[in-house]
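**Student:** Structure, please.
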Amino acid sequence: TRPLPAAPPASPHTPMGFTKDVITPAPAGAARPKKGQTVTVHCTGFGKNSDLSKKFWSTKDPGQEPFTFQIGLGGVIKAWDEGVMTMAVGEKATIKATPDYAYGAGGFPAWGIMPNSPLNFEIEVLSIK
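**Tutor:** As a prediction, this is how the structure comes out:
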């Protein structure tokens with residue numbers, strides 16, 4: 001599994017943020033991540049070549065595995081750091097990221113993510129440690 005690099009610092013003039021649409025709610029009482037914990041997720045990212053219907057990466061693709069990262073420490077894009085923090089084990093949601101909460105002005109050309117592209121991620125929280 002390839003790590004998702006952190007995005008560059010945000011421009012003060014660009015609207016920033018993410019929205020979350022719950023697909024499958026977490027079971028009652030499910031654990032929620034805290035800063036610094038290790039979170040494992042299934043994820044599919046959309047927004048290849050600026051088309052939000054085109055997938056650029058998925059942990060469910062052949063040869064891929066669930067993605068694990070430490071939450072809240074800036075090791076992944078802001079939409080993940082902040083969006084997954086609002087989720088719980090067993091929850092599946094779509095996180096819609098503005099460009100500065102994704103890969104910003106630099107994009108991520110190796111995956112077909114153009115500069116200043118909004119991205120959508122379907123994320124399912126599998127575990128928290």
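
**Student:** Secondary structure element holding the residue positioned nearest the centre of the chain?
**Tutor:** With distances taken as CA atoms, centre = their mean, the residue of the chain nearest its centroid is Trp80 (3.7 Å). Trp80 is part of helix 78-83 when elements are defined by DSSP states H and E.

**Student:** That helix - contacts with which helices or strands?
**Tutor:** strand 18-24, strand 92-97, strand 119-128 (3 or more CB pairs under 8 Å, 6 or more residues apart in numbering; DSSP states H and E). Bear in mind the C-beta positions are built from the backbone N, C-alpha and C, glycine included.

**Student:** sorry, back to before: ok, the residue nearest to the centre of the chain touching Tyr103?
**Tutor:** No - in this structure, Trp80 is not within contact of Tyr103 by CB atoms under 8 Å, at 11.5 Å.

**Student:** hmm, back to that, contacts only, for the residue nearest to the centre of the chain.
**Tutor:** Trp80 makes contact with Leu4, Phe69, Ile71, Ile95, Phe121, Ile123 under the criterion CB atoms under 8 Å, 6 or more residues apart in numbering.

**Student:** And for the last one, the neighbour number?
**Tutor:** I take that to be Ile123. Around Ile123 there are 25 other residues, counting by other CB atoms under 10 Å.

**Student:** Quick check: which of the contacts of Trp80 has the minimum pLDDT.
**Tutor:** The lowest pLDDT within the contacts of Trp80 belongs to Leu4, with 58.

**Student:** shaky segments in this protein?
**Tutor:** Within the chain, the ranges that satisfy pLDDT under 70 run 1-15.
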